[in-house]
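J.: how would this look folded up:
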Amino acid sequence: MAAKTSTTPTRAAEPLNRLIRLDRLEFRKLLDLYFKALRADWVYHETRQMFGTKAAADQGHAAASAWSACTMSLLLLQDMRTVDPDLRAAVDVLLKTCPDQMPSSGDLMRCGTEMLALADKYKRSGSDLLPLLDEAFCLLEAHHGNQALMSAQQAGSGAA
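T.: Model (predicted):
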């Protein structure tokens, strides 16, 4: 008899179903990898500024590996058939910011604007996509800021 009767109302299961959707979980993992790649870039930049070639080479390898993992995660999401269309659009935006695309400051600003527009669609909806898209926007802003600071520091050390 217990097998035939549901003890959990369908409405109660709805929030849990949103938490375990594969595209959301993969996108969450992607955001973590993107953050790690940005951090590895920064550590590489600092190491290159302060230490010898061996340490910089090691950190450069770590940064390249982090970006590779991030790019693979982006490509995995891009190939998933069940990805929400707006998450897919966010993936396309993030792909444009990977080092192999050599994004300029203007490119990063445009991508940030695209991501913000995606997030703004959900501002009043309570959708589970809003926090993911907001975080993606924040990471793009951090990427832009990191790139600007690194460029300024390199220009300053070249002028000295």
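J.: average pLDDT for the top helix by length along the chain?
T.: Using DSSP state H, we find that the single longest helix of the chain is helix 129-159. For helix 129-159, the mean pLDDT works out to 90.
J.: what ranges of this structure fall below the confidence cut-off?
T.: 1-19, 158-160 (pLDDT under 70).
J.: tell me how far the longest helix of the chain lies from the chain's centre.
T.: 12 Å (C-alpha atoms, centre = their mean, to the nearest Å).
J.: show me which residues of that helix are buried.
T.: 129-130, 132-140, 142-144, 146-147, 150 (16 or more other C-beta atoms under 10 Å). C-beta coordinates here come from the backbone N, C-alpha and C atoms, glycine included.
J.: and for stretch 91-104?
T.: Neighbour count says stretch 91-104 has V91, V93, L94, L95, T97, C98, P103 buried, by 16+ other C-beta under 10 Å.
J.: filter those down to the ones in strands?
T.: Among the buried residues of stretch 91-104, no member falls in strands (criterion: DSSP state E).
J.: distance to K123 added to the residues you listed, as CSV?
T.: Shown next, in CSV, are the buried residues of stretch 91-104 (distance: C-beta to C-beta, whole Å):
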residue, distance to K123
V91, 21
V93, 18
L94, 20
L95, 24
T97, 23
C98, 27
P103, 26
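J.: pick the one among these closest to M115.
T.: V93 (5.4 Å; C-beta to C-beta).
J.: ok, now which ones touch that closest one?
T.: By C-beta atoms under 8 Å, 6 or more residues apart in numbering, the contact list for V93 reads C111, E114, M115, L118, A136, L140.
J.: and the residues you listed, which is closest to L25?
T.: Using C-beta to C-beta, the contacts of V93 come closest to L25 at A136, 14.8 Å.
J.: tell me which stretches of the protein form helices.
T.: 10-19, 22-50, 53-79, 85-95, 105-120, 129-159.
J.: what about G106, distance to T97?
T.: The gap separating G106 from T97 is 12 Å, by C-beta to C-beta, to the nearest Å.
J.: over to T71?
T.: 10 Å.
J.: repeat that for A117.
T.: For A117 relative to T97 (C-beta to C-beta), the value is 15 Å.
J.: then A56?
T.: The separation that A56 has from T97, given C-beta to C-beta, amounts to 23 Å.
J.: also A62?
T.: 19 Å.
J.: what of P131?
T.: P131 is 20 Å from T97, by C-beta to C-beta.
J.: go on, A55?
T.: Distance from A55 to T97, by C-beta to C-beta: 26 Å.
J.: this completes my enquiry, with thanks.
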